[in-house]
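Chemist: Let me see the structure of the following:
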Amino acid sequence: MEKEKIIEQLREIKKESSESKNLDAQTKGKEKTGEKRYKITYERDLCIGAVACVMASPKYWELDDEGKAILKGGKEISPGIFELDIGEEDYAEMFEAAKECPVLCIHIVDKKTGKKII
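Modeler: Numbering: from 1, shown residues only. The predicted model follows:
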């Protein structure tokens, strides 16, 4: 009787361990909801108004009256330099905007690694 209880307890522990490993595998590499992993830096003075960023990411870019891009939600950290943090869900769209800019005035940095992506 005692032996059966021990075996049952061991099975339960093994089952819990297996469930925990499955949960860890499912969430591994996924970011917390709302985490702002990437820093966007925009150098407005370099902008020539090519509209590539607006076409690639209208959620974050629009043109002003001078024909230059505006980084929607961006904070001016120094004259003509704007920054905005974005999450993983917006990365692909913002990467496309930065990649398409003919004067490369949009930069993306991975805040976790410090690596400049573009």
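Chemist: can you give me the helices for this structure?
Modeler: 2-27, 52-56, 88-100 (DSSP state H).
Chemist: What does the pLDDT read for residue 34?
Modeler: Residue 34 carries a pLDDT value of 71.
Chemist: Now do the buried residues in stretch 93-112.
Modeler: By neighbour count on 16 or more other C-beta atoms under 10 Å, the buried set for stretch 93-112 is 93-95, 97-98, 100-101, 105-109. Heads up, the C-betas are built off the backbone N, CA and C, glycines and all.
Chemist: Out of those residues, which two sit at the greatest distance?
Modeler: By the measure C-beta to C-beta, 100 and 109 form the most distant pair in the buried residues of stretch 93-112, at 18.3 Å.
Chemist: what residue ranges in this structure score low on pLDDT?
Modeler: For the chain, the stretches with pLDDT under 70 are 1-3, 5-11, 13-33.
Chemist: please redo it, this time with the cut-off set to 50
Modeler: 20-31 (pLDDT under 50).
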